[in-house]
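K.L.:
Here's my sequence, what's the structure:
(chains A and B)
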Number of protein chains: 2
Amino acid sequence: MPSNPEAAVTEALQYFEDLTPGRTFEGGREVMDAERIKAFAREFDPQPFHTDEEAAKESFFGELVASGWHTAAVTMRLMVQAMPIAGGSIGAGIDEFRWPRPVPAGEVLSVRMTILEARPMRSKPGQGLVRTRVETLNRAGEAVQSMVCTTVVPMRGGGI
Amino acid sequence: MPSNPEAAVTEALQYFEDLTPGRTFEGGREVMDAERIKAFAREFDPQPFHTDEEAAKESFFGELVASGWHTAAVTMRLMVQAMPIAGGSIGAGIDEFRWPRPVPAGEVLSVRMTILEARPMRSKPGQGLVRTRVETLNRAGEAVQSMVCTTVVPMRGGGI
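P.N.:
Purely as a prediction, here's the structure:
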């Protein structure tokens, strides 16, 4: 449920012209199941605080927490769902990528996106670069991940 | 196989004192299998150029390519293997995260890490912050992903 009634929840493909600075998008709901946390970590981030409840108790975090890369991957799906971009989301880069709070098993994540800047690409007519602050929120509405994504977005009729 | 004979390949746990600026670590080998690319994308980044060979031909990329988040997750495992940090790799943040080249199915990835800066944390005695440039390389030795990671690392006997 969007906490901000002005935030868009849309299934419409978004073009450069739609992504005006200040506009926000919110949505998604992903339960971070303990078994999935451990399976992701066994494949990609095999550290005890991500793979084993007992070992996690002795760790920095004191409990099983999701790999930051698992949170990042889940965030990508929530982004694609909440702000579908025409031609697909082509990431040009990410800055200020932070994980300010851990994600324990059972947490429920959603995403909030705020358009920061949108400018046409001089080198590629018909396309623009859009900078978006993407925050991944826990049930309490606190950010567990934050990043600024720069994305290539086609203009209407511009193609990509 | 490290391209730089000076690069460390180690299974020894690394402490703050070991991670001196200029030191490099290399290693890893991950084949980016088409089926795993598509399965990861179906779960986390369901866009046609990541989930379907035929649709990918019509896309920006012209062929099936891995989600950047899949490359990022694989990179994490290669990092844990090539530069195991005592107490676990606690990410404080990432900057300058870029995907300069796509990762097509069948590509083989490895990782190269270069210590940029290491400084003690004033607020937490016994721990330091280490900034590392992490490059994910394809078979040609070209970077497909690059980022600067800031990590909390314990000093010897410092605990975390």
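
K.L.:
Any part of the helix ranked longest in chain A near chain B?
P.N.:
What stands out as the longest helix in chain A, according to DSSP state H, is helix A:68-82. Yes - using Cβ under 8 Å from any Cβ of the partner chain, helix A:68-82 comes into contact with chain B via A:68-70, A:72-74, A:76-77, A:80. From N, CA and C alone the C-beta is placed, and that goes for glycine too.

K.L.:
any idea which residue sits dead centre in chain A?
P.N.:
residue A:75 (3.2 Å; Cα atoms, centre = their mean).

K.L.:
where does the nearest residue to that one once chain neighbours are set aside fall, helix, sheet strand or coil?
P.N.:
Nearest non-adjacent residue to residue A:75, counting by Cβ to Cβ, 6 or more residues apart in numbering or on different chains: residue A:136, 4.7 Å away. Put simply, residue A:136 is strand when judged by DSSP: H, G, I helix; E, B strand; the rest coil.

K.L.:
Next, residue A:53: phi, psi?
P.N.:
phi -60, psi -40 (degrees, to the nearest 10).

K.L.:
just checking, it touches residue A:34?
P.N.:
Yes - using Cβ atoms under 8 Å, residue A:53 is in contact with residue A:34, at 7.3 Å.

K.L.:
what do the two both touch?
P.N.:
Residues touching both residue A:53 and residue A:34 (Cβ atoms under 8 Å, 6 or more residues apart in numbering or on different chains): A:64, A:105.

K.L.:
Can you tell me how far residue A:66 is from residue B:30?
P.N.:
21 Å (Cβ to Cβ, to the nearest Å).

K.L.:
Repeat that for residue A:23.
P.N.:
38 Å.

K.L.:
Let me know the next secondary structure element after the longest helix of chain A.
P.N.:
Next along the chain after helix A:68-82, taking DSSP states H and E as the criterion, comes strand A:90-98.

K.L.:
Direction included, what does that next one pair against?
P.N.:
strand A:143-154 (antiparallel), strand B:90-98 (antiparallel) (DSSP bridges).

K.L.:
deepest of the ones you listed, which one?
P.N.:
Greatest average neighbour count among the strands paired with strand A:90-98 goes to strand A:143-154 (a mean of 21), per mean count of other Cβ atoms under 10 Å in any protein chain shown.

K.L.:
any idea how far that strand is from the chain center?
P.N.:
Once both centres are worked out by Cα atoms, centre = their mean, to the nearest Å, strand A:143-154 turns out to sit 7 Å from its chain's centre.

K.L.:
and it with helix A:68-82, angle?
P.N.:
Interaxial angle, strand A:143-154 versus helix A:68-82 (axes from the mean of the first three to the mean of the last three Cα atoms, to 10 degrees): 50 degrees.

K.L.:
Send me strand A:143-154 as PDB with only the CA atoms.
P.N.:
Taking Å, rounded to 0.1, in the frame of the first residue of the first chain, the C-alpha atoms of strand A:143-154 are listed here in PDB:
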ATOM      1  CA  ALA A 143      15.100   2.300   4.300                       C
ATOM      2  CA  VAL A 144      17.100  -1.000   4.300                       C
ATOM      3  CA  GLN A 145      18.700  -0.100   1.000                       C
ATOM      4  CA  SER A 146      19.200   3.200  -0.900                       C
ATOM      5  CA  MET A 147      20.800   4.000  -4.200                       C
ATOM      6  CA  VAL A 148      20.700   6.500  -7.100                       C
ATOM      7  CA  CYS A 149      20.200   4.700 -10.400                       C
ATOM      8  CA  THR A 150      20.900   6.300 -13.800                       C
ATOM      9  CA  THR A 151      18.800   4.700 -16.500                       C
ATOM     10  CA  VAL A 152      18.600   5.000 -20.300                       C
ATOM     11  CA  VAL A 153      14.900   5.700 -21.100                       C
ATOM     12  CA  PRO A 154      13.500   6.100 -24.600                       C
END
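
K.L.:
returning to that earlier point: now for the residue nearest to the centre of chain A: which residues touch it?
P.N.:
Contacts of residue A:75 (Cβ under 8 Å, 6+ apart): A:109, A:111, A:134, A:136, A:145.

K.L.:
Mind doing that once more with 10 Å?
P.N.:
Residue A:75 sits next to A:28, A:30, A:109-111, A:113, A:134-136, A:144-145, A:147, A:149, B:44, B:69 when contact means Cβ atoms under 10 Å, 6 or more residues apart in numbering or on different chains.

K.L.:
same check, this time on residue A:46
P.N.:
So residue A:46 contacts A:38, A:52, A:67, B:76-77, B:80-81 (Cβ under 10 Å, 6+ apart).

K.L.:
Does it belong to a helix, a strand or coil?
P.N.:
Three-state assignment for residue A:46 (three-state DSSP): coil.

K.L.:
Mind pulling up the pLDDT for it?
P.N.:
Looking at residue A:46, its pLDDT stands at 90.

K.L.:
quick one on the thing from earlier: could you identify which of the strands paired with strand A:90-98 has the lowest mean pLDDT?
P.N.:
The weakest mean pLDDT among the strands paired with strand A:90-98 belongs to strand B:90-98, with a mean of 89.
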